[in-house]
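> Mind folding the following:
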Amino acid sequence: MFIALVYMCCSVFYAQQQPADYVNPFIGTSNYGATYPGPVAPRGMAGISPFNVAGPQNKPLEKDSQWLSTPYVHENTFLTGFSQVNLSGVGCPDLGVLLLMPTTGKVETNHLKYGSVYSEEIAKTAYYSSKIDKYNIKAEFTASKRVGVSRFTFPKGQSNILLNLGVGLTNEEGGMLQIVSATEIEGMRSVGSFCYNSPEDAYPVYFVAKFSRPADQFGVWKKPAKYDGAEAQWMTYNGKTRMMDNNTKMVVGDSIGSYFSYQFDKEETVEVKIGISYVSIANARENLAKETGNKSFDAVYKETYQQWNELLSKIKTEGGTTADKTVFYTALYHTLIHPNTLNDYNGEFPEIKTGNTGKTNGTRYTVFSLWDTYRNLHQLMSLVYPKQQSDMVKSMLEMYDENGWLPKWELNSTETFTMVGDPASIVIADTYLKGIQDFDVQKAYKAMLKGADQLENNPLRPGLKEYIEKGYVTTKDKGSVSTTQEYNASDYAISLLAKALGNKKDYQRFKNRSISYRKLYDKDLKLLRPRTENGSFYEPFDPLSGANFEENIGFIEGNAWQYAFMVPHDIEGLMKLMGGKKVFSSQLQKVFDSKQFDMANEPDIAYPYLFNYIKGEEWRSQELVQKLIKQYFQNKPDGLPGNDDTGTMSAWLVYSMMGIYPLAPGETKYAITTPVFDKITIELDSEYYKNKKIIIEKESNNKGKIKSMELNGKEYKSYFITHDDFVNGTTLKVIQE
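Sure thing, here's the model as predicted:
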């Protein structure tokens with residue numbers, strides 16, 4: 001009887017362990033991972049984060065003391081509120097605004113005075129909570145796609161809920177708010193200037209906040225700047241905070257906020273819902289009403305949890321440890337935050353550049369960190385979430401219609417022009433070649449050709465004229481070697497699409513352009529090296545310069561070693577340049593032996609898989625990938641190697657733990673290595689793929705090296721598999737020695 005009861009209890013426990021239960025949102029909140037632990041819906045517009053990067057109490061990891069691109073750092077201890085719109089895993093500060101903060105006692109408007117230490121943090125899928133120690137308040141949060149939902153449990157006495165528009169992660173200033181009633185506030189906050197580019201393109205985020213119970217007292221505050229001169233003598237409020245009790249007039253300014261106060265004679269709970277829109281206050285109000293209406297906090301949490309679990313369950317894992325499942329599903333979770341939804345519930349969204357409001361029947365996506373995500377994240381979406389990927393491509397083509405160019409690093413319908421290259425072409429070509437073709441490919445091809453061929457006034461490809469004439473970008477342009485390699489990668493993807501569309505002339509033209517990096521090859525160093533305008537190699541040249549984000553001539557966020565093999569579309573050609581496979585292998589191994597490999601940045605993240613090109617040395621890839629997984633991806637706040645780059649590092653991990661990797665963007669094939677789990681089942685979308693699922697299995701005796709492989713029960717000898725063979729198969733089995 002006892003044994004039966006134990007068995008039943010364990011069965012119930014395991015039945016409850018859904019993929020969403022393994023997610024640990026604290027992963028990546030330290031070591032500059034730039035993720036945040038608060039709740040967000042899949043591809044959500046709204047997302048709540050504890051805000052603990054303001055004030056000297058948080059030094060040195062404080063937003064005004066060093067470069068920080070995140071509203072939350074795990075080791076910090078001083079909280080100044082909970083921001084309602086945030087970015088996950090980006091390299092530059094933006095958003096991190098609309099700070100909601102519960103307090104008790106007399107209303108205090110200075111965030112450095114009303115801020116508090118906190119404890120008892122809990123973070124899980126669609127939920128975050130903590131205790132705000134100074135006030136003995138329990139703060140809980142969840143979110144729908146466009147609405148953040150907060151629940152505060154207050155002790156007896158005066159309790160306050162502050163909405164501060166003056167504090168935020170962004171350096172952009174200015175806002176507006178108006179108290180509509182004792183239960184509602186509306187307004188907007190200006191944001192923008194990502195990476196301090198395009199400051200003229202700052203834009204508003206609109207909001208409507210609804211409270212579950214009417215305030216006993218309410219008001220707004222405004223603190224003007226300190227003025228000097230004659231007029232200042234007449235300003236009794238010069239540089240001082242003005243309190244405007246019971247004010248329902250519109251208030252504008254930089255340092256403004258509102259407070260709702262309650263007098264409780266026992267412990268009470270207040271819920272606050274904040275609807276977000278990038279179009280209008282009216283749309284923010286509609287988003288709030290349509291998505292959350294009269295739903296309780298718990299009802300919203302349950303719905304969002306189920307949405308997450310449904311998406312995360314597209315990949316099921318068997319075997320492996322609990323820690324393995326935690327880092328895997330958290331990584332998959334991080335890949336499903338960005339690109340995120342821009343359009344409102346009614347389909348409206350701000351168009352890029354035009355100033356008009358567009359409308360979609362599908363999803364208009366935003367936050368395209370394409371220099372990062374073209375390498376693996378979009379390939380993962382094509383495999384597991386092809387409908388999302390299709391809508392992402394359609395969003396890029398809408399941007400082309402509105403702005404005249406494909407996106408480069410787009411954020412909330414502003415083009416930041418961050419990083420180098422022409423990555424959208426790679427993503428679109430790769431998507432089409434994987435069989436996701438329900439978009440206007442002719443328009444896409446036309447857009448690609450414009451970016452690849454227009455010599456003057458081309459914001460996507462600076463230095464294009466000399467690239468076409470010489471085969472490379474010279475040192476007069478930033479990151480000349482890196483930029484040349486990025487243009488090569490895009491040209492190769494365009495050549496593959498041209499071939500698929502039957503355009504033989506363009507196929508050959510762009511294929512030839514894609515290997516022009518060879519003109520930068522220094523046969524003595526066996527590395528790529530920048531050339532000056534007169535064609536000579538740049539002097540003096542230090543191949544190590546550029547590591548750890550050091551600025552250098554020739555390379556963007558890397559050095560000559562970290563870019564030496566970033567030509568995955570022409571590995572055979574690179575081998576010949578180097579003098580054969582043996583020299584290639586030796587030079588590649590040096591990247592790892594000399595500690596030049598950087599797991600925290602994109603240019604070299606495919607390098608561990610390159611040994612698959614050398615017969616007999618595939619074991620090196622298997623060994624390296626397993627080592628890197630264990631070393632850099634762990635179930636703890638610093639469990640990412642660095643900035644998650646809107647899910648790119650997480651996508652690397654998801655693929656690597658499954659035992660496959662899309663080595664050359666644009667090429668529809670995967671490198672094969674050893675999976676972490678005994679069995680991985682990928683559910684396929686019947687709208688795009690004929691099979692219901694594909695299974696990856698591992699037969700292991702723990703020695704590690706792959707002894708043999710089988711595809712659909714038959715021997716499989718290649719360490720590469722095409723996308724078509726993979727998704728049209730049934731089982732890929734990896735047998736270890």
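> What residues sit buried inside the longest helix anywhere in the chain?
In the chain, taking DSSP state H as the definition, the longest helix is helix 480-500. Buried positions in helix 480-500, judged by neighbour count with 16 or more other C-beta atoms under 10 Å: 480-499. All C-beta atoms are positioned from the backbone trio N, CA, C, and that covers glycine.
> just stretch 624-636 next, same as before
624-626, 628-629, 632-633, 635-636.
> cool, and stretch 600-618?
600-614, 617-618.
> quick one: it to chain centroid distance?
Relative to the centre of its chain, stretch 600-618 is centred 24 Å away, using C-alpha atoms, centre = their mean, to the nearest Å.
> One more: stretch 306-322?
20 Å.
> Next: stretch 724-737.
The answer for stretch 724-737 is 30 Å, by C-alpha atoms, centre = their mean.
> for stretch 403-422, same thing?
Remark: stretch 403-422 is offset 15 Å from the chain centroid, using C-alpha atoms, centre = their mean.
> same thing with stretch 422-436?
A distance of 19 Å separates the centroid of the chain from that of stretch 422-436, by C-alpha atoms, centre = their mean.
> Show the average pLDDT along that stretch.
Averaging pLDDT along stretch 422-436 yields 98.
> what do you get for stretch 96-103?
For stretch 96-103, mean pLDDT rounds to 98.
> Give the buried residues for it.
Under 16+ other C-beta under 10 Å, the buried positions of stretch 96-103 are 96-103.
> L311: which of the residues you listed is nearest?
Set against L311, the nearest of those by C-beta to C-beta is G96 (25.2 Å).
> correct me, but that closest one touches V167?
No. Counting by C-beta atoms under 8 Å, G96 stays clear of V167, with 9.1 Å between them.
> Need the residues touching each of the two.
Shared contacts of G96 and V167 (C-beta atoms under 8 Å, 6 or more residues apart in numbering): F51.
> just how off-centre is stretch 259-268 within its chain?
The chain centre lies 39 Å from the centre of stretch 259-268; the measure is C-alpha atoms, centre = their mean.
> quick one, what contacts the most centrally placed residue in the chain?
Of all residues in the chain, the one closest to the mean position by C-alpha atoms, centre = their mean is T646, 1.3 Å from it. The contact partners of T646, taken as C-beta under 8 Å, 6+ apart, are 87-90, 337-339, 367, 369, 372-373, 377.
> List phi and psi for it.
Dihedral angles phi and psi of T646 (degrees, to the nearest 10) take the values phi 50, psi 40.
> any idea how far it is from L165?
As judged by C-beta to C-beta, to the nearest Å, T646 and L165 stand 26 Å apart.
> now swap in I694 and tell me
For I694, the distance to L165 - C-beta to C-beta - is 49 Å.
> Compare the two and say which is more crowded by neighbours.
A side-by-side neighbour count of I694 and L165, using other C-beta atoms under 10 Å, places L165 first with 28 against 19.
> Now the more buried one: closest residue in space that isn't a chain neighbour?
Beyond its immediate neighbours in the sequence, the residue positioned closest to L165 (C-beta to C-beta, 6 or more residues apart in numbering) is G175, lying 3.8 Å away.
> Model confidence for the one you found, exactly?
96.
> now F13
Confidence at F13, expressed as pLDDT, is 40.
> wait, what's in contact with the residue nearest to A289 when sequence neighbours are not counted?
Leaving aside its sequence neighbours, A289 sits nearest to G275 (C-beta to C-beta, 6+ apart; 7.7 Å). Counting by C-beta under 8 Å, 6+ apart, G275 makes contact with 46, 146-147, 207-210, 284-289, 291-292.
> again, but for G358
Contacts of G358 by C-beta under 8 Å, 6+ apart are 348-351, 364, 398, 402.
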